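Student: I would like to see how this sequence folds:
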Amino acid sequence: MVEETNQPMNAQAPAFRPEVQQAGRSWPRIVEDLLRFIPGTGHIGFTPLAAASSSSARAFNALGYFDFAEVHPVEQLDDHTFRYNLIFANTCYHLEVVVSSRNPSAVHDFHLVKSVRQYESRFEEYAFVSGTTSTSVTLTIRPPEFTQEQIDDFSEANIRARWLAFREKKPTAPCPTPAVCFNTLFKIIYQPLSSDEPKEIAIDNPTLNMRVNPSILHSLLFTVDEERNVFVPPNLHDPTDKDLVAKRRFLTRKLVEVAVLALRADKLQTIVTFNMENGAALLRSELRSDVYAPPSTSTLTDEQYGAYVALGATEYFNDDLLIERYRLQAMNDPERGHYYLEALRNIAQSQGSEELQVKVMELMSLGAVPLNEVQEAYDQFGLDMNQPIDNASVIIDMYKDAVKARPSSRATMQKALNVVANTSQNAEIKRFLSMDNMDVNDAYAYLNATENADDDTIKIAVDIKLNEAADDESIAHTALLRIAESRMSAPLLYYYENLNFGRIPEPSLDSAYSLLGVSKSMDEQSIITTFEIRSADSPSDLLELRGALKVIGASMGSETIPKYLEKGVQPEADNGLNWPVGLNNIGNTCYLNSLLQYYFTITPLREAVLHFKRKKEGGGDSTKKIGGRVVPSWEVDRAQDFIQLLSELFDELIHTNQRHVTPKRDLAYLALVPARDEDHEPEKETEPEGVGATQEPMLIDIENIDDNEAPAGNANTNDQDDSHPEQNVESQEQPTNVQDKENTGHKSESNQEEKNRRIDSALFGRQQDVTECIENVLFQIEAASDPTGVEEDGEQVDIVKELFYGTTKQVLENADNGGNRREKTERFSSLLVDVAEGPRDMYDALDSYFGEDIVSLDGISTRRSVTISKLPPILQIQVQRVQFDRVNFRPFKSLALLKFDEIMYADRYLFTTDPDMIAKRRQVWAWKVEINDIKSRLSLLTMPKSNGLTVKDTLAATRDWFRSMEGKEDDFTVSQDTIRVLEEQIQKLTDEIDQLKTRLDELEDLVKSQFSDLRKHGYKILAVFVHRGQATFGHYWIYINDMKNKVFRKYNDEYVTQVPYSEVFDESEENTATPYFLVYVREDLCDDFVDALVRDPEPLQKVVEIPDTPPTPPPRPSVAPDEREGQRDSYEVQDERMNSDEGAKDREDSSPEKETTTS
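Tutor: Got it, this is the predicted structure:
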């Protein structure tokens, strides 16, 4: 019996000493290492880097435990120390884990401080301490307690021999099975552990002698009373026995071992009544690592998995935890920092994690160097990184010669030399680099220039230095480059490129597209915008990015891109005045700009807005009902203010001589801020119903958000999952009641300032839910419009409902006989479709909205169908892309592809009583049921189980492990029949998966072709709203189809450019600009309803002088403040000033500085 100790490591142990392992590992990593434990290898004690080179991505152990009465798997040794008793179910090795911690929920970094291995007894012990939390962990691993000879006594042959020998004493007893025998042995061991008066066993008991070899009882601490001819069980309840604890623990291990053997023998559990629990899950729960869900799938190679091992992490760590693991490893083991950075970079690449890739780039920009770059740096100078540097001067001379021969390589060579210096800690090379490593301040000093010098002055200074020091022009070139890069100055970079003409390598065309991350279908302006984003993200790659842009521009025959590279500004396209006008972004308005441009192209809506005539204030119809509620008069007045401003903007879009105009801030405020956010009356109005039938969120428009007003990371995603609340990130305060008639004099000025502040808050501090923006705009158009009729429920009929609204019909009926039929009709202004995991086409997405299914209502099988009973002239489709990550508890944007065509047919979704059409729909429904069944079966076969592996992978791992163990242990043999059966099952699963996938493809083709002949109700694409970015930030623009001129244009704030069809319908995987809102118009109405180019520019109007003290109008209760000197019912004077130089200056002085933020 192995001598045991019960003394835990001190919970207050000091931080690890220098002689112990410098690199650490997390608690989840230790648990994963135990699942890969191989007896005798000492793998648990390897350093993380050594373990990484020999780790398996597949776990081949199963940790288990049993919880019996009086024999528990967890023991509390003191207030902060617990011992866990587990067993490796596949090898019957025993594991004891002692954890001592006063802060179990902290982030631990365990370092090995003790390692004991006894080869003869196969005993191993490892002690770890977390220096950051003073938490200790001791792992004790013991071999099986039963010998192989004792286990062999339970073979069927030996059992039968004993049964034959004792059958005469008990003729009626059947030959016992191994399961029965192990179960008997379990009871023999369990009785003294659980009872303080265990029963003796007669030596000649036939049942005993048939089921076990009586000699085994000697190893169970039983003694023999020869006088009474009985086995006497040990007394395990005597407090005076100094060996009591050791004896109980010894027999407990025997008991657990027999329990595992019994479960193996009784796979169907017809004899055994106990279960083995998951030991790995128990360990994970100890130090709170169970909050990180294990991976849903395991596709890592051993090499990829090794990167996690090197960091002391696991593959199911999120990005933040992986970054923290890198930080700890690099801090505690700095000499091997490049190995850990290489591991982090490999993980970033294998996961495709943008956050990790950005972090790696950040670390590298701060001087961290990955392993491959260390090797490349040594190779650059012909050095062996495993050998010390003997002659530093030779290396320095090599560097100088290389830079002189090719000045453009200076940065690369300098970086390589710096890596060699830091890795080798060579003082001579470091000293040389300190003089050679010129920064921007050194550059200004070298050129005798100041930071305030303009670009032309810098060029002159460079020319002077080149004339003075012709032999070392590379220094002047480097100084120029440092200053150009620090200023991001296109003219200086262009000058540098000309000075080094022919010496700066250019990428191939494919490499250029890849480097910039753009596609060949993108237009010039989009490519330049992407270049600017990449340049801001990676300023160190500026020259390479410019080279890529130059190559792309040349391949396109572009005149714009070369001018941009030379000047740094985009020349405006000269399309003359017969071209749509752009809208300047005045805050978080890139989505609003797109929305207003879209509404402008709809002829009936545009004409109604342009011809809008304001009614007397307070004269709104008290019975006006919109969205299921009565609209108060003050809200009607507010809506009229909005339409008045919108009318002026539309008029300006038609008649201006400018290429882009600026929407009034009042207009943006009224569009972005719902009336319910303003406290106008003491009694709160009920919140209006949504304009559309759906309330799903779109992405947040925070293109120009002010960092000082909007806390980073907040986003109003409105996800409908109940597991997380909506986040209210609106930073504005509630407006004061502007109807308070006592607010006069200087108090009015104070109110005006307060209103101006609220406008700023709405435009720059508000993360706008774009769905809310659509609803708000349409609601105000309705509120200001005269009704053309009234629905049965009192709802107002108006131009908005006539253009955008349709109705759906839901029918519920008994699934068996069609009885108990109920119908419900609902209005909708947009349809919500889900891209799911993609890719999907539009019909597939709409099929998830409409169609039939069988549900249970009040216990009755009920058929539910949803169809369209009335099609709208303009069909709006909202794409749900905001999903919720249930592991990291944060929203994310789905980039899943949604395919859509220029023409879409809605026939299949219309309500009908035609039996043939109904039969077609039900056939599709049946196919979809089969599709779902196939997908469920595929999921069952391909989704990983609790061990992180699929059924097929588990079989493969078992087969591989059997093969790896052949010949390694004399007492371990595997039948070739076993391996053959495993391979047959693997092939059977492979064949089934292939057949299911084939049938799935067939069914999906049938669904797609079922309605291909129905083309009566066609819709043509009008507008595609697009977003690039993430769930909480990004940029919007819109593509609009000019059907009369047969072109698509891209409206990107102030820029309006023509784009090819391939850009609008781009289905490439690398395209991260995704559609979020699509608009279709009925084919027969396109000519009358859509006009994308409406221009009639007029000569500039004469400037009208404005009085110094204009009259102050009475306050309007619902109008957000406008930044003009006075407010009048007519805005002509304001418009005249806006077209004058004086007005332009006023705008420049009063408008906030525009700041462009993209994804």
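
Student: could I get the full set of strands for the stretch 51-200 of the chain?
Tutor: 63-65, 74-78, 81-88, 94-100, 110-118, 123-130, 135-142 (DSSP state E, counting those that start in this stretch).

Student: where among these is average confidence lowest?
Tutor: Lowest mean pLDDT within the strands of the stretch 51-200 of the chain: strand 110-118, a mean of 83.

Student: residues touching that strand, excluding its own?
Tutor: 16-17, 20-27, 30, 42, 45, 47, 123-131, 135, 137, 312, 332 (Cβ atoms under 8 Å, 6 or more residues apart in numbering). C-beta coordinates here come from the backbone N, C-alpha and C atoms, glycine included.

Student: in it, what's buried?
Tutor: Residues F110, H111, L112, V113, S115, R117 are the ones in strand 110-118 that count as buried (16 or more other Cβ atoms under 10 Å).

Student: let me know the closest of these to G279.
Tutor: G279 lies nearest to F110 out of those, by Cβ to Cβ, at 18.7 Å.

Student: list the contacts for the closest residue to that closest one other than its chain neighbours?
Tutor: Computed as Cβ to Cβ, 6 or more residues apart in numbering, the closest residue to F110 that is not its neighbour in sequence is F128, at 3.9 Å. Residues in contact with F128 (Cβ under 8 Å, 6+ apart) are R25, I30, F110, H111, L112, V113, S136, V137, T138, L139.

Student: gap between V440 and E451?
Tutor: 8 Å (Cβ to Cβ, to the nearest Å).

Student: give me the more crowded residue out of these two.
Tutor: Higher neighbour count among V440 and E451: V440, with 16 against 10, using other Cβ atoms under 10 Å.

Student: now S26: closest residue in space that isn't a chain neighbour?
Tutor: Nearest to S26 is G312, by Cβ to Cβ, 6+ apart, at 5.3 Å.

Student: what count of nearby residues applies to the one you found?
Tutor: Around G312 there are 29 other residues, counting by other Cβ under 10 Å.

Student: for C1086, same thing?
Tutor: Using other Cβ under 10 Å: C1086 sits among 17 other residues.

Student: can you read off the backbone torsions of it?
Tutor: phi -60, psi -50 (degrees, to the nearest 10).

Student: again with the one 5 residues further on
Tutor: For D1091, the backbone dihedrals (degrees, to the nearest 10) come out as phi -150, psi 100.

Student: who touches it in this structure?
Tutor: By Cβ under 8 Å, 6+ apart, the neighbours of D1091 are T601, T603, R606, K1044.

Student: again, only using 7 Å
Tutor: T601, T603, K1044 (Cβ atoms under 7 Å, 6 or more residues apart in numbering).

Student: surely the second one touches A1092?
Tutor: No - the pair formed by T603 and A1092 falls short of the contact definition of Cβ atoms under 7 Å, at 9.9 Å.

Student: tell me the one of the contacts of F128 nearest Y1019?
Tutor: Checking the contacts of F128 against Y1019 with Cβ to Cβ, the nearest one is R25 at 58.8 Å.

Student: pretty sure V1079 is in a helix, no?
Tutor: No - assigned with DSSP: H, G, I helix; E, B strand; the rest coil, V1079 falls outside any helix and is strand.

Student: quick one: neighbours of it, just the number.
Tutor: Counted with other Cβ under 10 Å, V1079 comes out at 24.

Student: and it, what are its bridge partners?
Tutor: Q876, A1023 (DSSP bridges).

Student: distance of it from K1050?
Tutor: With Cβ to Cβ as the criterion, V1079 and K1050 are 15 Å apart.

Student: so who does the closest residue in space to P73 that isn't next to it in sequence touch?
Tutor: Spatially, and ignoring its direct neighbours in sequence, P73 is nearest to Y65 (3.9 Å; Cβ to Cβ, 6+ apart). Counting by Cβ under 7 Å, 6+ apart, Y65 makes contact with P73, N85, L86, I87, E277, G279, L282.

Student: one more time with 8 Å, if that's ok
Tutor: By Cβ under 8 Å, 6+ apart, the contact list for Y65 reads P73, Y84, N85, L86, I87, V256, M276, E277, G279, L282.
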